[in-house]
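Colleague: sequence and predicted structure, then a few things I'm wondering about:
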Amino acid sequence: MSDRKPPPEPPLPRGPEVTRRDLLTGRVAGLMLDRLQGEEPEALPAPPLIRLTVNRVSRELRVPAHRTLAEALRVNLGLTGTKIGCDHGECGACTVLLDGLPVYSCLTLAHDADGRSVETIEGLASSDALHPLQQAFLTYDAFQCGFCTPGMIMALKALLDRRGTPDAEEVRQAVSGNLCRCGNYLHVIAAGLAAARSLGDGG
Amino acid sequence: MKAFELVSPRSVGDAVALLAGKPGAGVLAGGTDLLGLQKDRVQGPSLPLPGVLVNLKRVPALRGIVKEGERIVLGALTTLSQLADDPLLRSRFTAVAEAAAEVGSPQLRNMGTLGGHLCQRPRCAYFRHRQFVCLKKGGDRCHAAEGEHRYYHAIFRGGPCHMVHPSDLAPALQAFDATVRVAGPPGERELPLARFFRHPEEDPLREVALDPGELVTAVLLPEPPPGTCSAFTKARVRQGWQFALASVAVAITLEQGECRQARVILGGVAPTPYRAAGAETVLEGVQPDERVLARAADAAVEAARPLRDNAYKIDLTRGLVRQALGRALGVPPGQVGLAGPWSGDV
Amino acid sequence: MPRMVELEVDGQTYKVEPAEAALKEAGKQGLEPWGEALAVVGSAVPRRRGAEHVTGQARYSSDVQLPGMLHARLLLSPHAHARVRRIDASRALALPGVRAVLTCLNTDAAWDEERRLFDHTLRYAGQEVAAVAAADEEAAEEALELVDVEYEVLPAVLDPQAALMADAPQVRGEGNLYGGKPQVYRRGDVQRGLASAEVVHTQVYRTSIQHHACLEVHGCVASWDAAGLTVWDSTQGVHLVREELASRLKVPATKVRVVAEQTGGGFGSKNGIGPYHLVAVLLARQTGRPVRLFMPRAQEFIASHHRPATQHELTGGVMRDGRLMALVHRIIGQAGAYAENAELAAGAYGATAELYRCPNVLMEAWIVHTHTQSPGACRGPVGTEVHLALEQFIDELAEQLAMDPLAFRVRNYVRADQTRRRPYSSKALDRCYEAGARGLGWRWPQDPGHGRVRRGLGMSSIIWHGVQSEPSQAVATLYADGSLQLTLGLALIGTGSETALVQVAAEELGVSPDQVSLIIGDTRGTPYSIDSSYGSRTLALVGPAVRAAAAEVKRQLLARVARGLGAEPEALRLEAGQIVVRARLEPPMSVAEACRQFVSAPLMATGRRSRNPRGYAHESFGAHFVEVEVDTETGAVRVLRAICAHDSGRIINRLLAESQVQGGFVQASGPALCEEPWLDPATGLQLNANLHDYAVPTALDVPDEVQALLIELPDLGNSIGAKGLGEPPHVGAGAAIANAVAHALGLRIREYPLTRARVLEALRSAREAPGAREGQASHEGI
């Protein structure tokens, strides 16, 4: 496909220079925006520092205790691939892997990710290729509006990391905590199985 | 979400001290219920929103499954996934592992903990809706009694509040005569799980018998007698990822084909896990066959007093009891109905 | 005047325009009908821009973050009917970070002719009372808590039947029946029809509210600058949002830009603007900052509106040989508190009037105002409800005659539209019946078994209105390197239309779809392709415009090649992606090659959709066949298999069409089986405004097999031969499931969804009914 974008680079801490394009595309970390705007940071006591590894890159953050991991990823780190659909652990769009296990990042405090490893959809593709799950989601048309897709893929990645050759029932169970309102579950299951086969073939 | 202060003790002692020093503090374990309550600002005259959360996640002593003498100790911070996948639980306490596997979704099971699961608040929509100040929040009436009560409300022992306890694990643990270990300012104490849950008649504001400053540290399971088999079944509005409309845990001890001891505990149908003593009486002392199971199922729901719109839960519970007994006793699946296609019982 | 010819259908003669005549008007040179063998159209081209989705790069409007952006929240009425006696926002305004609070005291903006954006009188729970904008979400949420409102609670009527009583509280002060009388469709004389029938049967059905539950909530980011207003919106159509904003704000459309790079689900709920758009825009103007206003999930259930609950009374008269003589269909629909969207509550049109040959039909739609949120378009609006009732009633009529319900439907098959007295531009419902029945293994009579678990088969017909003559435009630009850019005024909503449109262009121009890229999802720089993607019409509406644009670019290219080669343009043909010059020895040349040699400046064309040929009716058809299993002991219903046969004209992309069909079926299975709001009977408040208790289907609720049988009969109505497919799979699924459950149980539940509660209650009633057979113990089911 001609308009496929190259896989994303692993997110890196951004330097101080912010281009107009960054602003327009909204890809600037929230903290930086605060600094740019001078949005009353001085009024607040500095929240404690947390360190977490996001997609194999170590990150440091200052966020208040009640900030969820989902918000921290999206607003503070600009990783908007993780979606918030319900903010109550009822839709699965915010699924990320915490130390390898799928969790709802909207019900996980950012502070509880301190010292731990977080994987998000942005970290899945290598520099030159899509992950087999990503490829299978395209081949099997495993989504329509795509809003559930990052969460679905992360839930399946956790399954494939643990079980090389799951059966259809295991795949179905693995995404049973992810809603797809477009109703494309059967294509999701087919994609999950195909990705497992492809990984099994060393693909 | 309402802002709060987060304190993360490293030991049970520190946690207890923090709780005692901060009245009204919330206890944060998996967070799957508590953070939802914070986000929805579920509060009332007798239910202040916590301004401090004591985070138990950094207390290593609360995690894990170990043997302690004749008992299995399930640490309060053990996740539901760990319970569901534990080989010992799966083989010896099957209903417990099955119940853990039926809670929520895979993600929620990776997050939710045993202690948090037992201490979760009711799913009654009036309790959770900010517009209604119900008994549980310090109001003067139960809105569900005359309102919408088809799903998460009692058919046994309801009133003055008609909530049901939402736990799936509680009936399964109670079927194995579990004990709860609690730590508090005076030290540790243990109490039978059956007495851990409070009926609203006793205290409409709280569902569990924890004094201020106390927290659950473990659940203890005695070795079941030899020949014990068990099963858990659950029915929801849809096929997965929901709380129980009704659930059933059974543990049957067979001796030469005869039922020596039976435990039939119902979830989702009463303000606390409900022991169906009538069903146990039918089963004990006889060789269970299809007719016995049917009579036990009838006996299980004999005392039901439904609300206006939830009488169907009597039939549902009866069916689940029979199916749970059939599964525990290894009746071929074809002869057992369909509780939920993916609950593993067909 | 177009040349009309006579067409005979079912013994009737109709005057129609030959389809080729309309094609001749398309594009500058006219278009040829596509042949059978197509290179790109019909193939499973992967979803365009899918890579953005699977890598997390897809940018939805809810992902937009702008410098200085404020966050807004709405305060909604907790009462179904109330007057705002006093409102004090001073404490909220004093909170650090809060920049603005809008209430009925400081904001006079109108929402429509009936009400202001913030009104003193509130007529449904969920109506806007106040809005705040603050530096972050937490401050906005905290500020809402500090807006003091004193309400005078007024008597409310929540139920449409109660609202029709003489002493009911008046919702709009002119009687609670919208328009003062029911809407009526009448054909023939139903009294005579019923009198002549050998069997007359009446039944009542009730359907429940359905919420869209889009995963991306409703909302937008609004920002003003010197150029005007920019709104990043979660929408199904950027141009409609622009039109409505410009008209509400009384600014030129050219000063409003609407962007929607991706939209996370719409299903009818994201067409045009809601009050929240205006709130965000006004807050942005007042504060001079960009304002982000996305609904918390609980408020999403209000912002999206909903498919209304309906009641249907159906009376039918049939002859013993299966001939349908008369149908009377009275619908009561709930319009909510305002006239806005009232006509989505119910309608006297559609399947009952059209689906079966029937000389005498009376439909009445009673649209009733209540103190509730108004309904909205929800995938297959009105039609889904009508099908749920009608298609079950048809089954029950067949049962009255002891006839196979499929045979009964075939017996009353009709080949022309009885309501408009026109032949259809295409109709392959008969082939859908055949293929679906074969696919499922339809049999009659059925044997549900006698055990606790029963099985049943069910089916349903589907009719859904097609695309009439509407204008649409698309721009194609062919660059010198052979790449083609399509510029479309559409939003990407997940249906895959944009991918199919790429295929249409690639087919016409003879290039690979990889060579075609899209500019889409923005009013800036795009033509008005469609107002908004609703009504299953994007492909059949925009597709012909795209084809015309590509054809015109092709014509320009061939003209250049001809000039370059010194050949007559007529001697050139584009076949299988190669340009061939008739009677010359030059080797065939690819489009890319031709571009490189003969195109210096890009070639550009605007394509316009030509009108439909005159005299036809345009409809999509289908038939769903399902098998279910019911546990009579626990009330669990499980769909085992679904065979969904659809006549949607030419299928441009088989893979994406399958997704549409599967998704439509799965989505519709929710309100058929498990999805419903829990409404507090005293206040009307929704108690389960969340995605846990409002039980949309999960992966565990989906059958192992949902098979799309795409019956391809290219339609005469437009130049690509396609008909709509977005809504039809949703329209028919519920009734097919309900019919299968009825056949499994041997009894029918006429209220939806078919929850465990309803199944067990029905089984108990059947057991306890006088005359229930003795000796069937409770555990033996019924």
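Modeller: Sure thing, it's come through.

Colleague: and the strands in chain A, which stretches?
Modeller: Secondary structure of chain A by DSSP state E: the strands cover A:49-54, A:57-62, A:95-98, A:101-104, A:117-119.

Colleague: JSON lines for the ones you listed, including distance to chain B?
Modeller: Where C-beta positions appear, they are placed from N, C-alpha and C, glycine not excepted. JSON lines is the format used below for those (distance: least, Cβ to the nearest Cβ, whole Å):
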{"stretch": "strand A:49-54", "distance to chain B": "11"}
{"stretch": "strand A:57-62", "distance to chain B": "14"}
{"stretch": "strand A:95-98", "distance to chain B": "6"}
{"stretch": "strand A:101-104", "distance to chain B": "4"}
{"stretch": "strand A:117-119", "distance to chain B": "13"}
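
Colleague: mind putting these in JSON lines, mean pLDDT and mean neighbour count included?
Modeller: Output for those, formatted as JSON lines (pLDDT from 0 to 100; neighbours: other Cβ atoms under 10 Å in any protein chain shown):
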{"stretch": "strand A:49-54", "mean pLDDT": "96", "mean neighbour count": "17"}
{"stretch": "strand A:57-62", "mean pLDDT": "96", "mean neighbour count": "15"}
{"stretch": "strand A:95-98", "mean pLDDT": "98", "mean neighbour count": "28"}
{"stretch": "strand A:101-104", "mean pLDDT": "98", "mean neighbour count": "28"}
{"stretch": "strand A:117-119", "mean pLDDT": "98", "mean neighbour count": "21"}
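
Colleague: can you list those strands in TSV and add distance to residue B:251?
Modeller: What follows is these, written out as TSV (distance: least, Cβ to Cβ, whole Å):
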stretch	distance to residue B:251
strand A:49-54	43
strand A:57-62	48
strand A:95-98	34
strand A:101-104	30
strand A:117-119	39
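
Colleague: which one of these lies nearest to residue C:135?
Modeller: Smallest distance to residue C:135 across the strands of chain A (Cβ to Cβ): 16.3 Å, for strand A:57-62.

Colleague: just give the nearest non-adjacent residue to residue C:142, would you?
Modeller: In space, residue C:142 comes closest to residue C:95 once its chain neighbours are excluded; the distance is 6.1 Å by Cβ to Cβ, 6 or more residues apart in numbering or on different chains.

Colleague: separation between the one you found and chain B?
Modeller: For residue C:95, the distance to chain B (Cβ to the nearest Cβ, to the nearest Å) stands at 12 Å.

Colleague: where does that residue land on pLDDT?
Modeller: Looking at residue C:95, its pLDDT is 97.

Colleague: neighbours of residue 123, just the number please.
Modeller: Picked chain A for this. Applying other Cβ atoms under 10 Å in any protein chain shown, we find 24 residues neighbouring residue A:123.

Colleague: correction: the question concerned chain B.
Modeller: 22.

Colleague: ditto for residue C:704
Modeller: 14.

Colleague: what comes up buried for stretch C:336-346?
Modeller: When burial is assessed from 16 or more other Cβ atoms under 10 Å in any protein chain shown, stretch C:336-346 yields the following buried residues: C:336, C:337, C:338, C:339, C:340, C:341, C:342, C:343, C:344, C:345, C:346.

Colleague: please enumerate the strands of the stretch 101-250 of chain B.
Modeller: With DSSP state E, counting those that start in this stretch, the ranges of strands along the stretch 101-250 of chain B come out as B:179-184, B:187-192, B:215-222, B:228-235, B:246-255.

Colleague: save those as a markdown table, and put in mean pLDDT, mean neighbour count and distance to residue C:45 too.
Modeller: Output for the strands of the stretch 101-250 of chain B, formatted as a markdown table (pLDDT from 0 to 100; neighbours: other Cβ atoms under 10 Å in any protein chain shown; distance: least, Cβ to Cβ, whole Å):
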| stretch | mean pLDDT | mean neighbour count | distance to residue C:45 |
| --- | --- | --- | --- |
| strand B:179-184 | 98 | 21 | 59 |
| strand B:187-192 | 97 | 12 | 64 |
| strand B:215-222 | 98 | 23 | 55 |
| strand B:228-235 | 97 | 26 | 43 |
| strand B:246-255 | 97 | 26 | 47 |
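
Colleague: switch the ones you listed over to a markdown table; also include distance to residue C:206.
Modeller: Below are these laid out as a markdown table (distance: least, Cβ to Cβ, whole Å):
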| stretch | distance to residue C:206 |
| --- | --- |
| strand B:179-184 | 46 |
| strand B:187-192 | 47 |
| strand B:215-222 | 46 |
| strand B:228-235 | 24 |
| strand B:246-255 | 25 |
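
Colleague: the closest residue to chain A within the stretch 1-150 of chain B - nearest residue in space that isn't next to it in sequence?
Modeller: Using Cβ to the nearest Cβ, the closest approach of the stretch 1-150 of chain B to chain A is made by residue B:105 at 2.6 Å. Sequence neighbours aside, residue A:177 is the residue nearest to residue B:105 in space, at 2.6 Å (criterion: Cβ to Cβ, 6+ apart).

Colleague: quick check, that neighbour in contact with residue B:111.
Modeller: No - between residue A:177 and residue B:111 there is no contact under Cβ atoms under 8 Å: 10.3 Å.

Colleague: spit out the residues that contact those two alike.
Modeller: Listed contacts common to residue A:177 and residue B:111 are residue A:104; contacts here mean Cβ atoms under 8 Å, 6 or more residues apart in numbering or on different chains.

Colleague: I'd say residue C:425 and residue C:715 touch.
Modeller: Yes - assessed by Cβ under 8 Å, residue C:425 is found in contact with residue C:715 at 5.3 Å.

Colleague: higher neighbour count, the two?
Modeller: residue C:715 (28 against 24).

Colleague: doesn't that one fall inside a helix?
Modeller: No - checked against DSSP: H, G, I helix; E, B strand; the rest coil, residue C:715 lies outside a helix; its state is coil.

Colleague: give me the phi and psi angles of residue 82.
Modeller: Reading this off chain A. phi -80, psi 120 (degrees, to the nearest 10).

Colleague: that's the wrong chain, I wanted chain C
Modeller: Per-residue torsions, residue C:82: phi -160, psi 160 (degrees, to the nearest 10).

Colleague: just list the residues touching it, thanks.
Modeller: If you count contacts by Cβ under 8 Å, 6+ apart, residue C:82 has them with C:121, C:122, C:151, C:152, C:153, C:154.

Colleague: overlap in contacts, residue C:425 and residue C:715.
Modeller: Contact with both residue C:425 and residue C:715 is made by residues C:466, C:618, according to Cβ under 8 Å, 6+ apart.

Colleague: tally of neighbours for residue C:660?
Modeller: As a burial measure, residue C:660 scores 32 neighbours (other Cβ under 10 Å).

Colleague: typo on my end, it should be residue C:32
Modeller: Residue C:32 has 12 neighbours, counted by other Cβ under 10 Å.

Colleague: possible to save the buried residues of stretch C:336-346 as a markdown table with distance to residue B:322, secondary structure and pLDDT?
Modeller: Formatted as a markdown table, those follow (distance: Cβ to Cβ, whole Å; DSSP: H, G, I helix; E, B strand; the rest coil; pLDDT from 0 to 100):
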| residue | distance to residue B:322 | secondary structure | pLDDT |
| --- | --- | --- | --- |
| C:336 | 45 | strand | 96 |
| C:337 | 48 | coil | 97 |
| C:338 | 51 | coil | 96 |
| C:339 | 54 | coil | 94 |
| C:340 | 51 | coil | 91 |
| C:341 | 48 | coil | 95 |
| C:342 | 49 | helix | 96 |
| C:343 | 50 | helix | 96 |
| C:344 | 45 | helix | 96 |
| C:345 | 44 | coil | 96 |
| C:346 | 43 | coil | 96 |
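
Colleague: OK, contacts around the residue of the stretch 301-450 of chain C found nearest chain B?
Modeller: Using Cβ to the nearest Cβ, the closest approach of the stretch 301-450 of chain C to chain B is made by residue C:449 at 11.4 Å. Applying Cβ under 8 Å, 6+ apart to residue C:449 gives the contacts residue C:455.
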